[in-house]
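Trainee: Predicted structure and sequence below. I'll ask about it afterward.
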Amino acid sequence: MELRDYIRVIRRRGWIILVLMLLTSISAFAFSKWQIPEYKGYVTIQFRAARADWGLTNAAKTLLPSYRNFIANEKTAQRTIERLNLDYTPQQLLSKIATKADEADFTLRLEVRDYDGPLAQRIAQTMAEIFVEDQTEWNQRQDKQDRVEAFILNSARYSLYRPQTKMNVLAGAVFGALLGVLIIFLLEWLEADILWAGEDVERRLGLPVLGTIPTYSTEASPSFWKIKLRR
């Protein structure tokens, strides 16, 4: 297909894309509003080696995966439940928790997801505090030069985790556009044997078009038909 063919297709069927984009965007918006808001409480724990030693720093970085296990285990979860007087089991609480270690920044990010935003924030803050307390206690049994200190970089906060209405609407619009393009190509394929204009005949048969039969509206005025009959 040439460029003018694409332009012709867009003129004839472009409305399909617009309608589907509108429908899918509205559906995505309605689905987002139908969802129960879920929030994410998060806090960052920073680690710092007692001395600027390459070996100690890298050894401490290798412990980041184990730190994730220390903060997200049933013992820490149980202590958090007791401090906050939560109606959860340790397993239920752990199912709401996600951790991410960043070796470049030497940090550990803790996230807690819950339908109650302030509660998710308190859980994240409490679990981080318990972990820092345990790490401080562990440091007391180590030589000062071999300690790895842990402290909360910023107090816990919370934000909306889902639904992300704007992202959902945008994704719905993109999906509608792609679906519209697919439908248009399907319709064009089904009508591939239909010649819509003289240019199509010339391109298909390689012969010049000398004339075309004009089409008339069935709603022509009576005077028009009288003139035709007189002829």
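Mentor: In hand now; what should we look at?

Trainee: Domain boundaries for the protein, per the record?
Mentor: 3-33+166-230, 36-162 (automatic domain parsing).

Trainee: for the chain, which spans come out with low pLDDT?
Mentor: Applying pLDDT under 70 to the chain flags residues 1-6, 52-57, 59-60, 191-207, 209-231.

Trainee: Helices of that one, start to end?
Mentor: Residue ranges of the helices in the chain, as given by DSSP state H, are 3-34, 54-61, 64-71, 74-84, 90-94, 117-140, 165-190, 198-205, 222-230.

Trainee: The ones you listed: which one's closest to Ser155?
Mentor: Nearest to Ser155 among these is helix 117-140 (6.5 Å), distances taken as C-beta to C-beta. No exception for glycine: its C-beta is placed from N, CA and C like everyone else's.

Trainee: buried set for that closest one?
Mentor: Neighbour-count burial for helix 117-140 flags 117, 119-132, 134-135, 139 (criterion: 16 or more other C-beta atoms under 10 Å).

Trainee: Same question for stretch 64-81.
Mentor: Leu64, Tyr67, Arg68, Phe70, Ile71, Ala72, Thr76, Ala77, Arg79, Thr80, Ile81.

Trainee: any idea how far the residue positioned nearest the centre of the chain is from Glu74?
Mentor: The residue lying closest to the centre of the chain (C-alpha atoms, centre = their mean) is Met167, at 6.2 Å. Per C-beta to C-beta, to the nearest Å, Met167 is found 35 Å from Glu74.

Trainee: Same check on Ile184?
Mentor: 56 Å.

Trainee: do the same with Val169
Mentor: 40 Å.

Trainee: Number of residues surrounding the spatially closest residue to Ala128 that is not a sequence neighbour?
Mentor: With sequence-adjacent residues excluded and distances taken as C-beta to C-beta, 6 or more residues apart in numbering, Ala128 is closest to Val43, at 4.6 Å. For Val43, the count of nearby residues is 25 (other C-beta atoms under 10 Å).

Trainee: Check whether Val43 really touches Gln125, as I assumed.
Mentor: Yes. With contact defined as C-beta atoms under 8 Å, Val43 reaches Gln125; the gap is 6.0 Å.

Trainee: Spit out the residues that contact those two alike.
Mentor: Taking C-beta atoms under 8 Å, 6 or more residues apart in numbering as the contact rule, Val43 and Gln125 both touch Ile152, Ser155, Ala156.

Trainee: Most neighbours among the residues you listed, please name it.
Mentor: Neighbour-wise, the shared contacts of Val43 and Gln125 (other C-beta under 10 Å) top out at Ala156, 22 neighbours.

Trainee: who's in contact with that one?
Mentor: Counting by C-beta under 8 Å, 6+ apart, Ala156 makes contact with Gly41, Tyr42, Val43, Gln121, Arg122, Ala124, Gln125, Ala128.

Trainee: Thank you, goodbye.
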